[in-house]
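Chemist: Coordinates for the following, if possible.
(one chain, ligands or ions: 2)
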Amino acid sequence: MSVGTAEELTARLYDRVRGVIPEAEWVIHAPLIARIHELKRERNAVILAHNYQTPEIFHGVADIVGDSLALAREGARVDAEVIVLAGVHFMAETAKILSPEKTVLIPDLRAGCSLAESITGADVRELRRRHPGVPVVTYVNTSADVKAESDICCTSSNAVEVVESLGVDRVMCLPDQYLAKWVATQTDVDIIWWDGACEVHERFSGDEIRRYRENFPGAVILAHPECPPDVLEAADYVGSTAGMTAWVRDRQPRQVVMITECSMSDNLAAENPAVEFVRPCNLCPHMKRITLQGIHDALLYLQHPVEVDPAVAARARTAVERMLAVGRGSGG
Ligand code: 13P
Ligand code: SF4
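Modeler: Numbering: from 1, shown residues only. Ligands and ions are numbered 1, 2, ... in the order given. Below you'll find the predicted structure:
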C-alpha cells in the first residue's frame, strides 16, 4: 500500500470516530491502523471485534463487529485463513471450536472473563448428578470444557429462545446467576442457576439507576441482562449489546444511559451523532487487554494461537451448533 493510500484510508476512518477520539490521539493510532490493514491482506486474515472494544479497534480495524452471538455466527462463516479475535478468550475458543481448520489468534492471552472463571466442567458434571435429567444450557461465556458438558449454549441475545426451545419444564442455566434470573422472569420454565457473575455488570445497582433517573429525567435507560435484578427492574429496556445497539439505532432517543461496559457508548456515539450518551462507566479489564499494538503483533507474529483439544472441541461444537440452529437471536 502506498503512503498516500494509507493516509486516505485512515482519514476516511477518522471521519467515523472524530466525535469520540481526539485528533491528537488519532495521529498515534493512524500508522498502526494502516499497518494492520496491510497485515490483514498479507495474512488473509479477518478481525472480529466485540462491541466492548475501544473505538480505534471497533471502527478502525475490525471487519466484523457485534455481540457474542454475532461473533460466533459470523466467525463460523468467514472465508479467511486467520481470525484475530478482538475480544476475550472464550470468544476465540468459540471461533476455534466452530472453525478448527483456521488459525484463531487472541492478541493477549490474559483476556479472560469472570463468568468463564466461575465454573468448570467438573462443576457441570456434579450439577448433572444433583439434577438428573435436567438439561444444561450454558452461556457462551464459558470454557470449551464447560461447553462440552452442556446440552446447548446460549448468549444474552437468545437465552430465552434457547431455554424454551428445549420443550421441558426445568433447565439449568449456567453460570451467570443474573442472566438466569432475568430469563426466569421471561419464561414459565423453571430455572436452576449457578452463582457466577460478570464483574463489570454486577457493580451496577438499583440505587445508581434511580440517581440517573433523577439527574437525567428525559433519558432512556438500557441495561444488559448480566446486571442484578434491581437494575433490570429499573431499566426501560433489557438486552444484549446487539439488542441495545439496534434499540438506539432504530429509535434515536434524545438522551440515553447505557448500563453496560464503557466502550459501548463510545462506539454507538460515533454512529449516532444525534443521540446524547450519559456515560456511566464500568470498564471490563479483560476486554481492555486488547490493543491496536497487540492486534498488530498478533498478525505479524501469528500470536497467540488458540487451541482446543479435538475431543473436547467436538462435544463443545455440538452445544454451540445447537444454539445456532435455534435461529436468529431475539436481540434482547
Ligand atoms: P453480549 O455482547 O453477547 O451481549 O455479551 C456481553 C458480554 O459481556 C460479553 O462478554
Ligand atoms: Fe466477562 Fe463481563 Fe468482561 Fe464480558 S464484560 S468479558 S462477561 S467480565
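
Chemist: OK, contacts around Met244?
Modeler: Neighbouring residues of Met244 by Cβ atoms under 8 Å, 6 or more residues apart in numbering: 222, 224, 237, 258, 260, 264, 268. Heads up, the C-betas are built off the backbone N, CA and C, glycines and all.

Chemist: Now render those residues as a markdown table, adding pLDDT.
Modeler: As requested, the contacts of Met244 are exported to a markdown table (pLDDT from 0 to 100):
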| residue | pLDDT |
| --- | --- |
| Leu222 | 97 |
| His224 | 97 |
| Tyr237 | 97 |
| Met258 | 96 |
| Thr260 | 96 |
| Met264 | 94 |
| Leu268 | 96 |
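
Chemist: List just the nearest of those residues to Gly66.
Modeler: Nearest to Gly66, judged by Cβ to Cβ, of those is Met264 at 12.0 Å.

Chemist: Can you give me the neighbour number for that closest one?
Modeler: 24 (other Cβ atoms under 10 Å).

Chemist: Where does it sit, in terms of helix or strand?
Modeler: According to DSSP states H and E, Met264 maps onto helix 262-271.

Chemist: so what secondary structure elements neighbour that helix?
Modeler: Helix 262-271 is packed against helix 3-17, helix 55-58, helix 241-251, strand 255-259, strand 276-278, with contacts defined by 3 or more Cβ pairs under 8 Å, 6 or more residues apart in numbering; DSSP states H and E.

Chemist: just to revisit the earlier point, as JSON lines, the contacts of Met244 with distance to Gln293 would be great.
Modeler: Output for the contacts of Met244, formatted as JSON lines (distance: Cβ to Cβ, whole Å):
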{"residue": "Leu222", "distance to Gln293": "32"}
{"residue": "His224", "distance to Gln293": "28"}
{"residue": "Tyr237", "distance to Gln293": "36"}
{"residue": "Met258", "distance to Gln293": "27"}
{"residue": "Thr260", "distance to Gln293": "25"}
{"residue": "Met264", "distance to Gln293": "23"}
{"residue": "Leu268", "distance to Gln293": "25"}
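
Chemist: Just name the closest of those residues to Gly196, please.
Modeler: Closest to Gly196, out of all of the contacts of Met244 and judged by Cβ to Cβ, is His224, at 14.9 Å.

Chemist: re the thing from before, do the helix holding Met264 and ligand 1 meet?
Modeler: No. Judged by Cβ under 6 Å from any ligand atom, helix 262-271 and ligand 1 are separated, with a smallest distance of 8.9 Å.

Chemist: Contacts made by that helix with the rest, please.
Modeler: The contact list for helix 262-271, computed with Cβ under 8 Å, 6+ apart, reads 16-17, 19-20, 51-55, 58-59, 65, 241, 244-245, 248-249, 258, 275, 277, 279, 281-283, 287.

Chemist: which residues of this structure fall in strands?
Modeler: For the chain, the strands defined by DSSP state E occupy 45-50, 64-66, 82-86, 103-105, 136-139, 152-154, 170-174, 190-193, 220-223, 237-238, 255-259, 276-278.

Chemist: does the third one come close to ligand 1?
Modeler: No. Under the criterion of Cβ under 6 Å from any ligand atom, strand 82-86 makes no contact with ligand 1; the nearest approach is 11.9 Å.

Chemist: Who does that strand pair with, and is each partner parallel or antiparallel?
Modeler: Strand 82-86 pairs in its sheet with strand 45-50 (parallel), strand 103-105 (parallel), by DSSP bridges.

Chemist: Out of those strands, indicate the one that is most buried.
Modeler: Mean neighbours per residue, mean count of other Cβ atoms under 10 Å, is largest over these for strand 45-50, with a mean of 25.

Chemist: Okay, angle between it and helix 241-251 too, please.
Modeler: In terms of direction (axes from the mean of the first three to the mean of the last three Cα atoms, to 10 degrees), strand 45-50 departs from helix 241-251 by 80 degrees.

Chemist: Do I have it right that Trp107 meets Ile290?
Modeler: Actually, residue 107 is Pro rather than Trp. Yes. Under the criterion of Cβ atoms under 8 Å, Pro107 makes contact with Ile290 at 5.3 Å.

Chemist: so what sits against both of those two?
Modeler: Contact criterion Cβ under 8 Å, 6+ apart; residues shared by Pro107 and Ile290: Ala86.

Chemist: what's stretch 283-297 in contact with?
Modeler: With Cβ under 8 Å, 6+ apart as the test, stretch 283-297 has contacts from 29, 32-33, 35-36, 39, 47, 50, 52-54, 56-57, 60-61, 84, 86-88, 107-108, 110-113, 199-200, 261-263, 303.

Chemist: quick one, phi/psi of Val134?
Modeler: Here is the backbone geometry of Val134 (degrees, to the nearest 10): phi -90, psi 120.

Chemist: shouldn't it be in contact with Val171?
Modeler: Yes. Using Cβ under 8 Å, Val134 is in contact with Val171, at 6.4 Å.
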